[in-house]
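1. this one's structure only:
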Ligand SMILES: Cc1cc2nc3c(=O)[nH]c(=O)nc-3n(C[C@H](O)[C@H](O)[C@H](O)COP(=O)(O)O)c2cc1C
């Protein structure tokens, strides 16, 4: 197990379900705010360990999630590679795709041994590949199977959480959602992250499934009212602090995916505006300066520069020079002679008054 301050201390704070906290209280009791109050979503091909290291420079308090990793990949593939992360990333959850209880337990043990803070079960991904493997969103119709997984996984002393939709196909009534949450919470899951739209398993691509089915936030609020003892995190289409604080009056936490990844500097305000901290906000320039030694170390270990620079393209979004920053990195990072100097050069192209 890697060395770090005991991540399993988090178990208690994660398991102690909080009531939705009025935003007025934020400044009074920030240290007691639940760890899931703000989460960055698992995004396949995006939230790898380099992206998470970068995101952590912007926000110390947000809960980070790995991309979905299948039980098959962990059991038969490059286990060490899939489990690797930087100690700076805590709190960080490993998201698992799978549905075979013993395999889920085996992988949960690996996550625990590696020092992850939580294991999250993917019950939201609608891709064909995932359906064939019998995991992801199709499991919303298989509450007993997911409950069996939770039962096995909780033999390992690490919090087990679920990320789901509000329904799939015609299996989308509130009663069916309640049945799913009842069975899996009775098995031992206390935290549910709910993407507030259903998924169509046939006919829509994964991308369409993140845009076409309408968002239904009230359904998630209702779930919190009906299960006040559970920690309910809302996800889907959230982009602004006004919305975030509004959701936080009704549920325990919010999870942002695309906005956090494509407009990462918004995360620089999360610790103050969502967790009630009062420290100075990190500058974009400081973030770049902190990425440089990290990238240097990783390059020395054989990681390709472009595999890291691709995550920081959005850092200057919305300010003068943002396009030049993006272009300089994306047009040069793949070149064999490219080095970390690229970041310093790109920084000079951005309006210095805004960094
Ligand atoms: C590129 C991409 C990859 C995704 N990969 C995952 C994944 O690995 N696991 C998962 O549970 N959800 C995944 N999702 C769904 C997101 O976690 C999130 O639920 C969804 O994007 C809605 O949140 P948002 O509107 O804040 O982006 C992915 C979404 C995107 C855009």
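-> Good, I have the coordinates. Here the structure is a predicted model, which is why all the values come from computation and not from measurement.
2. which secondary structure element contains the residue in the stretch 51-200 of the chain positioned nearest to the ligand?
-> Nearest to the ligand, among the residues of the stretch 51-200 of the chain, is residue 68, at 3.4 Å (Cβ to the nearest ligand atom). C-betas here are computed from N, CA, C, even on glycine. Here residue 68 is covered by strand 63-70, with elements defined by DSSP states H and E.
3. my guess is the residue of the stretch 51-200 of the chain closest to the ligand contacts residue 93, does it?
-> No. Contact criterion Cβ atoms under 8 Å: residue 68 and residue 93 do not qualify, at 11.2 Å.
4. Pick out whichever of these two has more residues nearby.
-> Legend: neighbour count by other Cβ atoms under 10 Å for residue 68 and residue 93, higher for residue 93 (28 against 25).
5. residues contacting the residue nearest to the more buried one when sequence neighbours are not counted?
-> Of all residues not flanking residue 93 in the chain, residue 118 sits nearest, at 3.8 Å (Cβ to Cβ, 6 or more residues apart in numbering). For residue 118, the contact set (Cβ atoms under 8 Å, 6 or more residues apart in numbering) comprises 10, 14, 63, 91, 92, 93, 94, 158, 159, 160, 161, 191.
6. what are the ranges of the helices in the stretch 101-250 of the chain?
-> 101-114, 128-132, 143-153, 174-187, 217-226, 241-247 (DSSP state H, counting those that start in this stretch).
7. The shortest one and the ligand, any residue contact?
-> It stands for helix 128-132. No. Using Cβ under 6 Å from any ligand atom, helix 128-132 never reaches the ligand; the gap is at least 9.3 Å.
8. Lowest average confidence across the helices of the stretch 101-250 of the chain, which one?
-> Ranked on mean pLDDT, the bottom entry among the helices of the stretch 101-250 of the chain is helix 128-132, at a mean of 78.
9. just how off-centre is that one within its chain?
-> Centroid separation for helix 128-132 versus its chain: 21 Å, with Cα atoms, centre = their mean, to the nearest Å.
10. Buried by neighbour count: which residues of it qualify?
-> 130, 131 (16 or more other Cβ atoms under 10 Å).
11. Then stretch 239-256?
-> Within stretch 239-256, the residues scored as buried using 16+ other Cβ under 10 Å are 244, 245, 247, 248, 250, 251, 252, 253, 254, 255, 256.
12. Contact partners for the last one?
-> Applying Cβ under 8 Å, 6+ apart, we find residue 256 in contact with 38, 39, 40, 41, 235, 238, 239, 244.
13. In PyMOL, how would I select the buried members of these?
-> PyMOL command restricting the contacts of residue 256 to the buried ones, with burial defined by 16+ other Cβ under 10 Å:
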select buried, resi 38+39+40+41+235+238+244
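14. near the ligand too, which of the contacts of residue 256?
-> Residues of the contacts of residue 256 in contact with the ligand (Cβ under 6 Å from any ligand atom): 41, 235, 238.
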